[in-house]
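Trainee: Give me a model of this one.
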Amino acid sequence: MVKLLHDKNGKEEWGDANKMMKPEIRFFDSYLYFKHRIEKRYHLDPGIRKMKMVYGDLALR
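Mentor: This next block holds a predicted model:
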């Protein structure tokens, strides 16, 4: 959902990398092999600073 809101907006904006990565990682669970056969460990840094980015350039397609 976040990706849809930001894809059309090609503007640079301040964003939280953790908030961006969580839905992108969950997207992989739609691939059954990844969901059931790949062991996943996520270590996202809760103290990461916001950064300027164009969301659509960083998000998975």
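Trainee: quick one: pLDDT of the residue nearest to residue 54 when sequence neighbours are not counted?
Mentor: With C-beta to C-beta, 6 or more residues apart in numbering as the criterion, residue 54 has its nearest non-adjacent residue at 5.4 Å, and that residue is residue 12. Yep, even glycine has a C-beta here, placed from its N, CA and C like the rest. We have a pLDDT of 83 for residue 12.
Trainee: could you list every residue that touches residue 12?
Mentor: Going by C-beta atoms under 8 Å, 6 or more residues apart in numbering, residue 12 touches 52, 53, 54.
Trainee: what are the phi and psi values for the second one?
Mentor: Main-chain torsions, residue 53, degrees, to the nearest 10: phi -160, psi 160.
Trainee: circling back: what's the separation between the residue nearest to residue 54 and residue 38?
Mentor: 33 Å (C-beta to C-beta, to the nearest Å).
Trainee: Check residue 53 too.
Mentor: 27 Å.
Trainee: Who has more neighbours out of the two?
Mentor: residue 53 (17 against 10; other C-beta atoms under 10 Å).
Trainee: Compute the distance between the more buried one and residue 37, please.
Mentor: Counting by C-beta to C-beta, the gap from residue 53 to residue 37 is 32 Å.
Trainee: Next up, phi/psi of residue 28, please.
Mentor: According to degrees, to the nearest 10, residue 28 has phi -60, psi -30.
Trainee: what about it, how many neighbours?
Mentor: 13.
Trainee: Confirm residue 46 sits in a strand?
Mentor: No: assessed with DSSP: H, G, I helix; E, B strand; the rest coil, residue 46 is coil; it does not lie in a strand.
Trainee: For it, which residues are in contact?
Mentor: So residue 46 contacts residue 18 (C-beta under 8 Å, 6+ apart).
Trainee: Over to residue 35?
Mentor: Per C-beta under 8 Å, 6+ apart, neighbours of residue 35: 28, 29.
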